[in-house]
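S.K.: Fold the following.
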Amino acid sequence: MVNYSYGASSKYFGHADYYANRGAGKSAQDLLNWVNRNMHILSPGKANRPGGGALYDQMVNDARMERPPVPVYEAPTYEAPVIPDPKTLTTKGSAVGGGAQGVKVKRSKASKAGKNAKGTRSLGRAQRNSAMKISNLNLT
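M.R.: Just a heads-up that it's a prediction; the model follows:
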């Protein structure tokens, strides 16, 4: 509710009432909206009407210049994601080793039997030394 008993007349809304209500915390836009609903409260005459250059026009300009209140920032709340339980895990006794606990091991039958040595024989030092002799190189 807007109080308009501050000025010279308690019958009309004037400059003193406007400044008193602004000082009490009312915004210029709120006061302008109230005056627009209650135009009969402004003192009669051409000056206190829209475009008259008096209090009403001052209120319109103040309402235009007034900044909207700054919104209060609320930080989002953090919820930790749910980690699903793994289906099969290695343990300390598995062949992978203690540092790889929690890793699912997948090996072929040949690897489990120790027969899987694809291509590793050619990496042996004895094999490499005989193949890399100068006489074996085609330098002509």
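
S.K.: Go ahead and name everything in contact with stretch 60-70.
M.R.: Contacts to stretch 60-70, defined as C-beta atoms under 8 Å, 6 or more residues apart in numbering, come from residues 27-29, 31-32, 50. Just so you know, the C-beta spots here come from the backbone N, C-alpha and C atoms, and that holds for glycine as well.

S.K.: buried subset of these?
M.R.: The neighbour-count test (16 or more other C-beta atoms under 10 Å) marks 27-28, 31-32 as buried among the contacts of stretch 60-70.

S.K.: how about a markdown table for these, with distance to V60 and pLDDT added?
M.R.: Converted to a markdown table, the buried ones among the contacts of stretch 60-70 look like this (distance: C-beta to C-beta, whole Å; pLDDT from 0 to 100):
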| residue | distance to V60 | pLDDT |
| --- | --- | --- |
| S27 | 13 | 88 |
| A28 | 9 | 88 |
| L31 | 11 | 89 |
| L32 | 6 | 89 |
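
S.K.: thinking again about what came up before, and the contacts of stretch 60-70, which two are the farthest apart?
M.R.: S27 and P50 (19.3 Å; C-beta to C-beta).

S.K.: picking up where we left off before, and which of the buried ones among the contacts of stretch 60-70 is nearest Q58?
M.R.: Looking across the buried ones among the contacts of stretch 60-70 and measuring by C-beta to C-beta, the closest to Q58 is A28, at 9.2 Å.

S.K.: List the contacts of that closest one.
M.R.: Each residue near A28 by C-beta under 8 Å, 6+ apart is listed here: 22, 59, 62-63, 65-66.

S.K.: Need the worst-confidence member of those residues.
M.R.: Ranked by pLDDT, the contacts of A28 bottom out at E66 (84).

S.K.: Mind checking what secondary structure E79 has?
M.R.: coil (DSSP: H, G, I helix; E, B strand; the rest coil).

S.K.: Looking at it now. What's its pLDDT?
M.R.: pLDDT recorded at E79 is 90.

S.K.: what do you get for K109?
M.R.: With respect to pLDDT, K109 has a value of 74.
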